[in-house]
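**Q** starting from these lines, generate the structure:
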Amino acid sequence: MHRLSFVLAGMLLFGGVQTVEAQTVRVGYIDSQVILSEAPGALEAQQEFDRDMERYRGEIQRMGEDLERLIGNYQQQERTLSPEAREARQNEIRMKEMEYQQRVDEMEMEAAQRRQVLVEPILERMSQAIETIRAEGEYAVIFDTASRAIVAADPQLDLTGEVIRRLQQMAGREN
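**A** Down below sits the predicted model:
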């Protein structure tokens, strides 16, 4: 320990150590889930998405009912069918099941793409507002509590309300 003190004293005397000024680092956080739920245009985007999903659900329901009807008819007639007819009907049911599953998968992809299209403009405005607040407030970092990476934080550092206010201002200028 004594030797370390001697080395540090020597470095100070000969200019080997430069002094570092303490810097205040400003940090803030937001909750993007709250912002997305309260941002101007978010409700309308969600309503439009819900309407699209209702159409998708209707189509899937009709396809499912058709498939169930096909299976029910097969089960009722199975004993009276010849082995060849039974195999043909089983193949038809398998094909319908594959078509049904393929359509469900397609609709899930379409739904994800539709959500992206509807939410993207809101996310862009949100990002602009956050960056403006970061620059104006000279924040080094702004975290998002929606990611659950922050375990605890001082509520005074929460910038969520400010981001929502800025988004409302931006929406007011656009209208």
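**Q** so which residues of the protein form helices?
**A** Counting by DSSP state H, the chain has helices at residues 2-13, 32-38, 42-77, 83-136, 160-174.
**Q** okay if I get these as TSV plus mean neighbour count?
**A** Heads up, the C-betas are built off the backbone N, CA and C, glycines and all. Output for those, formatted as TSV (neighbours: other CB atoms under 10 Å):
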stretch	mean neighbour count
helix 2-13	10
helix 32-38	16
helix 42-77	13
helix 83-136	13
helix 160-174	15
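**Q** residue 146 is nearest to which of these?
**A** helix 32-38 (4.4 Å; CB to CB).
**Q** avg pLDDT for the closest one?
**A** Mean pLDDT, helix 32-38: 92.
**Q** on contacts alone, who are the packing partners of it?
**A** helix 83-136, helix 160-174 (3 or more CB pairs under 8 Å, 6 or more residues apart in numbering; DSSP states H and E).
**Q** rank those by mean pLDDT and give me the bottom one.
**A** For these, mean pLDDT drops lowest on helix 160-174, to a mean of 89.
**Q** run the chain-centre distance for it.
**A** 20 Å (CA atoms, centre = their mean, to the nearest Å).
**Q** now do it and helix 83-136, the angle between them.
**A** Counting by axes from the mean of the first three to the mean of the last three CA atoms, to 10 degrees, helix 160-174 lies at 90 degrees to helix 83-136.
**Q** please export the C-alpha coordinates of helix 160-174 as PDB.
**A** Taking Å, rounded to 0.1, in the frame of the first residue of the first chain, the C-alpha atoms of helix 160-174 are listed here in PDB:
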ATOM      1  CA  THR A 160     -43.300   9.500 -20.200                       C
ATOM      2  CA  GLY A 161     -45.700  12.400 -19.600                       C
ATOM      3  CA  GLU A 162     -43.400  14.900 -21.300                       C
ATOM      4  CA  VAL A 163     -43.200  12.600 -24.400                       C
ATOM      5  CA  ILE A 164     -47.000  12.300 -24.500                       C
ATOM      6  CA  ARG A 165     -47.300  16.100 -24.200                       C
ATOM      7  CA  ARG A 166     -44.900  16.600 -27.100                       C
ATOM      8  CA  LEU A 167     -46.700  14.000 -29.200                       C
ATOM      9  CA  GLN A 168     -50.000  15.900 -28.600                       C
ATOM     10  CA  GLN A 169     -48.300  19.100 -29.600                       C
ATOM     11  CA  MET A 170     -47.000  17.500 -32.800                       C
ATOM     12  CA  ALA A 171     -50.400  16.200 -33.600                       C
ATOM     13  CA  GLY A 172     -51.900  19.600 -33.000                       C
ATOM     14  CA  ARG A 173     -49.500  21.100 -35.500                       C
ATOM     15  CA  GLU A 174     -50.400  18.400 -38.100                       C
END
